[in-house]
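Structure for this input, please:
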Amino acid sequence: MKYLHTMVRVADLDASIDFYCNKLGLKKSPALKTPSAGSPWFFCVHPGMPMPPVRTGPPPSS
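Below is the predicted model of the structure:
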């Protein structure tokens, strides 16, 4: 299966990190916090893939 990315909101962050990282073997990026996001967020990636570049500033104007 190929996918670009997806977002999952969870009720229990610690249990979710345990599942995705310790059970599925994904790597977790450092947590990020942006003014527009209500809570910290991070990426979980396959161990063979690099962490995605993250832009934390405002969206570019079009």
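
Helices of this protein, start to end?
Secondary structure of the chain (DSSP state H): helices located at 13-17.

Residue ranges in it under the pLDDT threshold?
Within the chain, the stretches with pLDDT under 70 are 1-5, 33-38, 52-62.

Do a quick rundown of the strands in this structure.
Here the chain has its strands, by DSSP state E, at 27-28, 44-45.

Partner strands of the first one and their direction?
In this case it means strand 27-28. Partners of strand 27-28 in the sheet, by DSSP bridges, are strand 44-45 (antiparallel).

For the partner strand, give me every contacting residue.
Strand 44-45 is contacted from outside by 20-21, 26-29, 51-52, using Cβ atoms under 8 Å, 6 or more residues apart in numbering. Every C-beta, even on glycine, is put in place using the N, C-alpha and C of the backbone.

Out of those, which end up buried?
20, 26 (16 or more other Cβ atoms under 10 Å).

would you turn the contacts of strand 44-45 into a markdown table with distance to P40?
Formatted as a markdown table, these follow (distance: Cβ to Cβ, whole Å):
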| residue | distance to P40 |
| --- | --- |
| Y20 | 15 |
| C21 | 15 |
| L26 | 17 |
| K27 | 17 |
| K28 | 11 |
| S29 | 11 |
| M51 | 16 |
| P52 | 16 |
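
ok, back up a step: relative to S16, which of the strands of the chain is closest?
Proximity to S16, assessed across the strands of the chain by Cβ to Cβ, is greatest for strand 44-45 (9.1 Å).

Please name the residues that touch the nearest residue to P40 once chain neighbours are set aside.
Computed as Cβ to Cβ, 6 or more residues apart in numbering, the closest residue to P40 that is not its neighbour in sequence is A31, at 4.2 Å. A31 makes contact with 40-42, according to Cβ under 8 Å, 6+ apart.
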